[in-house]
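S.K.: Pasted the sequence and its predicted model underneath.
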Amino acid sequence: MESDRYDVIVVGAGVSGLVTAGAAAHRNLKVALVATGPGSFVTGPGWLKAQDILCASAAPELGEAIAFFCEMARRAGCPYAGDISTAKYLPTLLGDFQSVALAPLLLWNAEPRDGVSTAVIGIRGLSSFDENFMAERLSERARAMSSSGTYAARQISLSRDMGAPVTTLHLAQLFDRDPGFRKELVYALRAAASGFQRIFVPGMLGLASSAEQIAEFKRELLCEVCEIPTLPPSIPGLRVFHRMESYLHQIGVELFRGFPVKEVVIHDGLCTGVRIAAPGHAMNLRGLCVVLATGRHSASPLNGAYAGRDQQMRPLASTGAVMARNLFIAESLPDSGAGNNGDAMRILTGYRAGNLAASTRGNHAA
Amino acid sequence: MEATQVVIIGGGATGAGILWDLSLRGISAILLEQGDIANGATGRCHGLLHSGGRYAVKDPDTARECVAENRIIKAVAPHCVDEVGGIFVKCAQDDPAFFEQWWRAAGEVGIRSHRLSREEARELEPNLAADILGAFTCPDAHVDVFRLVLANLEAAVARGGRFLTYSEVTSILSADGRVRGVRYRNTRSGEEDEISCEVVINAAGGWAQGIAAMAGVDVPVLCDKGTLLVLNHRLNRRVINRCRKSSDADILVPAGPVCILGTSSIRVPSPEGLAASREEVDHLLRLGDELIPGLVNARILRIFCGVRPLYAPMPVEVARGREISRGFALLDHGTRDGVSGFISIVGGKLTTYRLMAAAACDCVAAKLGVDVECTTDKTPLRPAVDRTTHHRAIHVLPHPVAEMMERRLGPETDQVIQAIETRPDLAEVVCECELVTRGELEYVLGGATPAPACTIADVGRRTRLGFGPCQGTFCGYKAMLAGFQTHRWTASEAATEFSAYLHERAKGQAFIHQGKQVEQLDLNYDLYGADRMLCADSGKQDGI
Amino acid sequence: MRLDDLAIDNCLKCSLCNTVCPVLAADPRYPGPKRLGPELERLRREGISTDTEWVEYCLGCHRCDLVCPNQVNVSEMIARAKAAHRKPLVRGLRDWWFARPGLLGKLTTILPALSNFALSMKPARSLMSKLMQIAPQRKFPKYARPDLRSPAMTGNARQRVVFFPGCFIRYNRPGLGRTVIDLLERNGLSVEVASTECCGVPALANGDAAAARSVARANVKALARQVDSGLRIVTACSSCGHMLKTGFGGILEGDKKFACAAQKIASNTFDLAELLMAQADAGKLNTNFQHTALRLAYHAPCHQKSQGIGRPWYHLLRMIPGVTVEDMDAGCCGMSGTYGFKQEKYPVSMEIGKELFASIDAARPQMVATECATCQMQIEHGTSFKAIHPAEILLQAYDGLAPTKGRKDCSIDECECGPCRQKPEGADH
Ligand SMILES: Cc1cc2nc3c(=O)[nH]c(=O)nc-3n(C[C@H](O)[C@H](O)[C@H](O)COP(=O)(O)OP(=O)(O)OC[C@H]3O[C@@H](n4cnc5c(N)ncnc54)[C@H](O)[C@@H]3O)c2cc1C
Ligand code: SF4
Ligand code: SF4
């Protein structure tokens, strides 16, 4: 079956694909986003490491790309803080500190602060998070960084029977759906936070909560609250994904969720669309150009069958020839072989790809 | 300095079997192991309880030993054995003359076997290649090596035996041509101590030569490296052997939820620092694929190597790995080299560990003037789980979780269930692939068990935690928290333990070049920032 | 055990599937798709008994499959476990009956009026709830005379398609069947009605592998010939479409005689909207829609999403001048065919539906469009809005007719659904 003609078909909804789709949509392109899952958002807290910025710092438009990403996140209701020239130490899953340049607002204020007392608050029955472990580790690590901030562990109990063991996923779902739960949580956290200037909670404040909801939650708490990363599924990461995805949906990006692209259709060096492996028969999507943002793994419909990419991010065959003039690869790494050079590169290439898609359509129009 | 009658060096199957045997005879003994239990070849083997089929043609004596031991182990340690059965597959590529030779030899050594047509064989094992010619059955089985070693040690402890893990023997103390004791070092704390004894038994497998050297004698042991691939799920129901002269990648053993393909045979200078090469892995996969088409695409969880400690009294230059007898040798260094009170037991197989232990213990008993016969062939290693415990278990746990726990812990299940009954949060499943509960985790970390775990990897050997697809990425973290919560470790110790554990787990995956496990490792990287190409070229390989 | 089924190896244990499972969100005791699917599957292949009652609670919504970045066929694994699951007697009997909607269809259609009356009586319903553990809050769909026939041939020039109505349209809504045929004919296609009844989804969902297999075989036998002669199959029920397209949910796997034909059927099956969208893309859609002022909320059924065809109804409805459509995109409705009828699952079913109900309430449409009959029931049960098949809206738009808005069709005595409970004493509904 032949379907609509899109200006650009973006394959993959990791950070790279989302930015590509966003950048293209902002240039009034008709965008299809084909994806099976949210990339590494499900594992990570959604931050950009300082070292990632470094990897991409050679690119002149990095600042522009990151600014675009931040603007998109703001509009999507999951604002980020930080920029390419900052670096802050934020707590990790292991209670270490990671140097981060940009992070979702809810994570951003968790750096060691001199003289600030922080309560790490756990929830009774919550598995795979231990506030005592976290507080002890953070105290130690902060001391090692000669910060005079202090960390203490506190635990709250929630009255409802959650069915043991409680997971951050379940808490996040309750947070999203149930205003009563949010109220109870605020109440319990406020009690536990008394005497502290700041509290840390495991990432659990809603899978899709909006900036307003969070702002209100913070207001009611009467003190600074930060999330810290947990084992997957990472609620902060998924929140960024969900908000961005629904934002794209709102601005008219058509989402094709659930089935992988099994083939990129290329005729005579021109890409005409993709074939999606839907059950029964493949679904053909036609488009003026295609951006692959699928990471380096088995998900790639080119199956790694390209030798590199050119200046315009087009994949090259082993002969060195451009595989298709309107096919772009937005990802952090294909040229570098192994190794992951991070999310900044993903944003950068996504932003570029969105713009390249716009100029492709321009060419067609001309 | 402590004193005992016998010191056993090596906590593999052989050493553990000796401790049990001596304990049954009322001889006091302490076993010293430099790492955790089954740190050597025992923890890095297929876990095939041989029916004898593999040696029937070439080495009928070893085959006969296997036939007998196969029956005995199944009888005395049923909880360690999964009686899956096995087949020898006749492949079109192989020498047809060998098939008949095998059939005859199998009959002669007493292996129960019958012939299967191609259709019958493929009915039993639907994943076998379509062009096989047929197969023979045999009573092969899988034995859980960690459980077997633990069962021997724990049974021995109940009878007064003792063992120390992470205790490396650094020298053998002797005076006047007599061994008097050993000096050892705790490899975790660095502390040293001595034990005095009347007899030292060298059961150090691939390390036996080095141990013997400590007493000034030479025990020629040839280190024959074998590489094994652990595949994510069972592709076969029974052990699949290729019916031909022993060669590479001709055994596929179903082992718990996974199956293990192997092995190669490469001479190496020492049992330390083993590594698998890419060619070796590809070679094994290619051969495996001949038996089970499509196997190349199956997910590899882990690749590990072990060394077969082959006793090679002939000049090493002429001996080829597989051609040396798999039989074992008992060396009494008193008569052989004039160092009395010192014996070495080398070579052999996992399958014949009990027989080796019996031989060693007979020799020791004679030396000590103890006139008690070996009874390890009749004494069950551990009582079965009683009905009431079972009922209590399925009351507090989902069925498969209870079943897995009972298989692992046996009668000790009772204590874990008791704990869960008072603290329901202990029923949480922390390792989701192998269904390990928090209760079990805290139990093996705690002091109540005769063989407490010191590290997260030790927890794995006792419970299979971290043996599934995530290779400890998620459950290892939870085990770390459990160690912290039970005050085993401080927060920073816990974090250090966990990094070491991730490192160790990553090593077993470092030789996997493609496929889902590489992505799994990347996820690990995303989560913890651990180095993805971790020590591809350095460090030794670790067990399953 | 199938070697070609290596999807189990794909699982990276990221838990993403758990984040979208409606049942897990409604009841945290549910072990979740990751556990019931790939994790237990490894152990099942080892031969460990992993049976648990929880497998009954899987809706078969395929949300877990769709979100999985690694193409693990999670729900198919759970469906297999369901088939191996043993139920207590009464639930077993009830589900046996639920697995065979055609049976009741045949019985009741002999005397539809009488049985509809009986099924809607309060005593009958409370008796059923006691005897059969059926939720007393639910009303049964009405049965009609199954008089859906292939229309007479109209000229040879037209392309022919086979319309697969499935049991619901055949027994309960033959009128909708005629709508579909009309719609297809107005778009230049001539229609043949398939002779078979159920697609097998109810059997599969109720863990009745034997029934599912025999239904699937009957379907393959009947449809293979038509597909071989080059006809395409059209479905209007999303569950039927899903079933046909997935080769009957893998139930014929290993069934040499049928698996291949099932595959062929799969590749030639089209959802009604998918087909119409294809016509639209090719510029062949009849777009003589009259202006129809209508504010719609659209709910995409799970089995529509699991077909991977985008949102064709959403786009088609928006082609009607005057119609505005809001895509709810608010998850699963919780009904899942016979699931919501089961007494023990009713609370979960309603809990799952909450999000959708809330979005519909917030959107305040004039009516809800959704192509799945049981989604319609659930929406009408959980909100005060009427829900109809989008095909009806499309067809009526050709004639400038707006579908009767009005209240939802709640013809049951002492109905206990939300809006009915709130209705003023004596009010008609
Ligand atoms: C790849 C492979 C596959 C195999 N498959 C099978 C099979 O399927 N079936 C079968 O029956 N057999 C199999 N074998 C053979 C079998 O594994 C060995 O024969 C058997 O495990 C040897 O046990 P062991 O206790 O003698 O030695 P080991 O298990 O090697 O034990 C020796 C122990 O001594 C310890 N040690 C060394 N030095 C010191 C020291 N200084 N102080 C304290 N402790 C020390 C080591 O840490 C080690 O734990 C296989 C072998 C290999 C390599
Ligand atoms: S089935 Fe898929 S989504 Fe679920 S845990 Fe496995 S890989 Fe993740
Ligand atoms: S099919 Fe639906 S209900 Fe069943 S496990 Fe998957 S997501 Fe949950």
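M.R.: Perfect, I can see it now. Every value quoted in this text rests on a predicted model; they were computed, and no experiment measured them. Ligands and ions are numbered 1, 2, ... in the order given.

S.K.: Show me the shaky parts of the chain.
M.R.: If you meant another chain, say so; for now it's chain A. Residues of chain A meeting the criterion pLDDT under 70: A:1-4, A:161-164, A:296-299, A:303-305, A:332-341, A:363-366.

S.K.: that's the wrong chain, I meant chain B
M.R.: B:314-326, B:530-544.

S.K.: lowest-confidence helix or strand of chain C?
M.R.: Sorting the helices and strands of chain C by mean pLDDT, DSSP states H and E puts helix C:418-422 at the bottom, at a mean of 44.

S.K.: So which residues of the stretch 1-150 of chain C form helices?
M.R.: All helices of the stretch 1-150 of chain C, identified by DSSP state H, counting those that start in this stretch, fall at C:16-20, C:22-26, C:32-34, C:40-46, C:63-67, C:74-84, C:89-98, C:101-110, C:112-120, C:122-132.

S.K.: Over to the stretch 201-350 of chain C?
M.R.: C:201-205, C:209-228, C:238-245, C:256-267, C:272-281, C:302-305, C:312-318, C:346-363.

S.K.: possible to save these as TSV with distance to B:Thr137?
M.R.: For glycine as for every other residue, the C-beta is placed from the backbone atoms N, C-alpha and C. Below are these laid out as TSV (distance: least, Cβ to Cβ, whole Å):
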stretch	distance to B:Thr137
helix C:201-205	37
helix C:209-228	31
helix C:238-245	41
helix C:256-267	27
helix C:272-281	52
helix C:302-305	46
helix C:312-318	56
helix C:346-363	48
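
S.K.: so which of those is the most packed in?
M.R.: Compared across those, helix C:238-245 shows the largest average neighbour count, a mean of 29 (mean count of other Cβ atoms under 10 Å in any protein chain shown).

S.K.: Just confirm yes or no for it near ligand 3.
M.R.: No - using Cβ under 6 Å from any ligand atom, helix C:238-245 stays clear of ligand 3, coming no nearer than 11.7 Å.

S.K.: Mind telling me which residue is nearest the centre of chain C?
M.R.: The centroid of chain C falls nearest to C:Ser239 when counting by Cα atoms, centre = their mean (3.7 Å).

S.K.: Can you name the residues that contact it?
M.R.: Neighbouring residues of C:Ser239 by Cβ atoms under 8 Å, 6 or more residues apart in numbering or on different chains: C:Gly166, C:Cys199, C:Val201, C:Pro301, C:His303, C:Gly337, C:Cys372.

S.K.: Do I have it right that A:Ala324 meets A:Leu270?
M.R.: Yes - A:Ala324 is in contact with A:Leu270 according to Cβ atoms under 8 Å; the separation is 6.0 Å.

S.K.: The two - which one has more neighbours?
M.R.: A:Ala324 (20 against 13; other Cβ atoms under 10 Å in any protein chain shown).

S.K.: so is the closest residue in space to that one that isn't next to it in sequence in a helix, a strand, or just coil?
M.R.: Among residues not flanking A:Ala324 along the chain, A:Cys271 sits closest, at 4.0 Å (Cβ to Cβ, 6 or more residues apart in numbering or on different chains). Classification of A:Cys271 using DSSP: H, G, I helix; E, B strand; the rest coil returns strand.

S.K.: Please report how far A:Cys271 lies from A:Ser359.
M.R.: Distance of A:Cys271 to A:Ser359, given as Cβ to Cβ, to the nearest Å: 15 Å.

S.K.: Looking at those two, which is more packed in?
M.R.: For the pair A:Cys271 and A:Ser359, the greater number of neighbours falls to A:Cys271 (23 against 12), based on other Cβ under 10 Å.

S.K.: ok, now which ones touch B:Ile266?
M.R.: With Cβ under 8 Å, 6+ apart, B:Ile266 has these contacts: B:Asp224, B:Lys225, B:Gly226, B:Thr227, B:Glu280, B:Gly321.

S.K.: In strands, which of the residues you listed appear?
M.R.: Secondary structure assignment by DSSP state E places B:Asp224, B:Lys225, B:Gly226, B:Thr227 of the contacts of B:Ile266 in strands.
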